[in-house]
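[1] Sequence and predicted model, in that order:
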Amino acid sequence: MNTILEYKKIKRTGVLPGCLLGGCLAAFVPILELAVRSEQYVGISKPPLQIILQADWQMMAMLNMLLVIVISCMMYHSEYADNAIQRITTLPVREEEIFIGKTILLAGMCIVLLVIEMLSLIFCTLHWFGGADGAFIKDLLQNFGYSFCMLLPVAIISLMAASAWKNMWIPLGIDVVCVFMATMIPVKYFALSIFPFALPFQILEGAKAGKVVSYLIAAAAEVLLIGAAEMIFLKVRRSLA
């Protein structure tokens, strides 16, 4: 019910069309890459999905994160506009429920983004690599789930930052800086590579099983810790209001 209400809140903000357009923009990256430089990739003796992801996923992941950050800020900007958040606290609705509803809605948007991008990967494989078999579809679905898990910590920490400031430019600026910081993190250090904004750059194809499990555990732990921190923050803010 909260998710439906949150959907109605952002329906007129342009967030939903922006989500679709952003997904299409990220999906266009591998198509453009292969259209311009297909001869550099077609002859490589690796699975097509691994070739495409290793070549283009860094840019696609960055676009995904930037879009998630903007959507998060817009979600809470609509709450703070005209002091709506203060009026909500006078109703029998807890801010924690609002946050959970927004998180579920944002997770759904992340799924939409990844579905659009997966369709792009299917097109690239069919057009430039000659076809997609059952193994390809299985790998694609596994990569979809893995990428979604890696993107969730960014979504929830972006919502947490957006909920903390009335001025949306503050969390927007902080999150964008964190994204660009993540691009400079040396991936050989696991402790640094599990920085929430660095996780979406990870890909399943070509990664060792043990490393994949470690990243999944790290992502799950971050979601739980950030979620718990947000619940505590909202309770403290309400008690001090």
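    Happy to help now that I have it. Residues are numbered from 1 along each chain as shown.

[2] which residues does Ala220 contact?
    Cys149 (CB atoms under 8 Å, 6 or more residues apart in numbering). For every residue, glycine as well, the C-beta is placed using N, CA and C.

[3] Check which helix or strand it maps to.
    helix 209-240 (DSSP states H and E).

[4] Quick check: mean pLDDT of that helix?
    Across helix 209-240, the average pLDDT comes to 92.

[5] Closest to the centroid, which residue in the chain?
    Nearest to the mean C-alpha position of the chain, counting by CA atoms, centre = their mean, stands Leu151 at 3.7 Å.

[6] any weak-confidence spans in the protein?
    In the predicted model of the chain, residues 1, 82-93, 131-133, 241 satisfy pLDDT under 70.

[7] now the helices for it?
    Assigned by DSSP state H, the chain shows helices spanning 2-10, 15-37, 48-80, 84-88, 95-128, 134-164, 169-182, 190-193, 209-240.

[8] Comparing those, which comes out most buried?
    Of all those, helix 48-80 has the most neighbours on average by mean count of other CB atoms under 10 Å, namely a mean of 22.

[9] other SSEs contacting that one?
    With contacts taken as 3 or more CB pairs under 8 Å, 6 or more residues apart in numbering; DSSP states H and E, helix 48-80 sits against helix 2-10, helix 15-37, helix 84-88, helix 95-128, helix 134-164, helix 169-182.

[10] Quick check: closest non-adjacent residue to Leu216.
    Once flanking residues are discounted, Leu216 sits nearest to Cys149: 5.8 Å by CB to CB, 6 or more residues apart in numbering.

[11] Quick one: residues contacting that neighbour.
    Each residue near Cys149 by CB under 8 Å, 6+ apart is listed here: 216, 219-220.

[12] wait, doesn't Ile69 sit right on Gly173?
    No - taking contacts as CB atoms under 8 Å, Ile69 lies outside contact range of Gly173: 9.9 Å.

[13] ok so, going back, nearest to Ala209, of the helices and strands packed on helix 48-80?
    Of all those, it is helix 134-164 that lies closest to Ala209, at 11.6 Å by CB to CB.

[14] now the closest one: how far from the chain's centre is it?
    Distance, stretch centre to chain centre, for helix 134-164: 6 Å (CA atoms, centre = their mean, to the nearest Å).

[15] what angle separates that helix from helix 209-240?
    Calculated by axes from the mean of the first three to the mean of the last three CA atoms, to 10 degrees, helix 134-164 forms an angle of 20 degrees with helix 209-240.

[16] before we move on, back to that, and the helices and strands packed on helix 48-80 as CSV, adding distance to Lys235?
    Shown next, in CSV, are the helices and strands packed on helix 48-80 (distance: least, CB to CB, whole Å):
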stretch, distance to Lys235
helix 2-10, 18
helix 15-37, 28
helix 84-88, 15
helix 95-128, 8
helix 134-164, 13
helix 169-182, 20
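
[17] Nearest to Gly227, out of these?
    Of all these, it is helix 134-164 that lies closest to Gly227, at 6.0 Å by CB to CB.

[18] and the closest one with helix 48-80, angle?
    Using the same axes, to 10 degrees: helix 134-164 against helix 48-80 is 20 degrees.

[19] What angle do helix 95-128 and helix 134-164 make with each other?
    150 degrees.

[20] Adjust the sequence numbering to begin at 22 for everything that follows.
    Yes, from this point I'll number from 22; that puts the last item at helix 155-185.

[21] For Ile73, see how far away the nearest residue to Gln71 once chain neighbours are set aside is.
    Using CB to CB, 6+ apart and skipping the chain neighbours, the partner closest in space to Gln71 is Glu226 (3.9 Å). In this view, Glu226 and Ile73 are 9 Å apart by CB to CB, to the nearest Å.
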